[in-house]
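A.B. asks: One predicted model, sequence on top.
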Amino acid sequence: MYSVLLAIHSIFRWLVLISLVFTSYRGYSGWRSKRNFTKLDDRARYITATLGHIQLILGLWLYFISPVVDYFLNNFSEAVHMREVRFFGMEHITMMVIAITMLTIGSIKVKRMEDDEKKLKAMFTWYGIVLLIIFLSIPWSFSPFTSRPLFRFF
């Protein structure tokens, strides 16, 4: 089950990243061109937040069944000095929870705003920051912290 969940979590990251890029771009381009906040913008905001929440649930589930995290939690004083183990046991999950919390706050703020220009600017700002946090916290194949394949299959 662990390997299947890991593959699903890995695939889902691409959906989250693509939706964050798209939504951030919609916010930026709409804000800069002073266009109205459209149904597509609202749909993108909603879908991106939903994908982020699903990914968080998958990640938390994975966190609690991961042998790497199990080792980290049961051997903390030793494991905290091991870069890869510390990354998955503490750094990755902390940054991702922060990112999804910010995604939720940003989505709620955008939804409640009345002014279209402010909505688009807020969407670009919040979702752009979330995109940056998530991008920096993913174990890319080129990451200096730890690396994983770009595509993990079942």
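C.D. replies: Happy to help now that I have it.
A.B. asks: From Gly30, how far off is the nearest residue to Val21 once chain neighbours are set aside?
C.D. replies: Closest residue to Val21 apart from its sequence neighbours, by Cβ to Cβ, 6 or more residues apart in numbering: Leu131 at 6.6 Å. Where C-beta positions appear, they are placed from N, C-alpha and C, glycine not excepted. Distance, Leu131 to Gly30, using Cβ to Cβ, to the nearest Å: 16 Å.
A.B. asks: got the buried residues for the strand or helix carrying Gln55?
C.D. replies: Using DSSP states H and E, Gln55 sits within helix 39-65. By neighbour count on 16 or more other Cβ atoms under 10 Å, the buried set for helix 39-65 is 41, 44-45, 48-49, 51-52, 55-56, 58-59, 62-63.
A.B. asks: ok, then the element right after that helix?
C.D. replies: Assigned by DSSP H and E, the successor of helix 39-65 is helix 67-74.
A.B. asks: Give the buried residues for the following helix or strand past that following helix.
C.D. replies: With elements assigned by DSSP H and E, the helix or strand that comes after helix 67-74 is helix 76-79. By neighbour count on 16+ other Cβ under 10 Å, the buried set for helix 76-79 is Ala79.
A.B. asks: got a list of contacts for helix 76-79?
C.D. replies: Tyr71, Phe72, Val85, Arg86, Gly89 (Cβ atoms under 8 Å, 6 or more residues apart in numbering).
A.B. asks: so how far is it off the chain centroid?
C.D. replies: 27 Å (Cα atoms, centre = their mean, to the nearest Å).
A.B. asks: mind listing what's buried in whichever helix or strand comes after that helix?
C.D. replies: Heading C-terminal from helix 76-79, the first helix or strand you meet, by DSSP H and E, is helix 83-86. Buried residues in helix 83-86, counted by 16+ other Cβ under 10 Å: Val85, Arg86.
A.B. asks: go on, stretch 105-125?
C.D. replies: Gly106, Ser107, Val110, Met113, Asp116, Lys119, Leu120, Lys121, Ala122, Met123, Phe124, Thr125.
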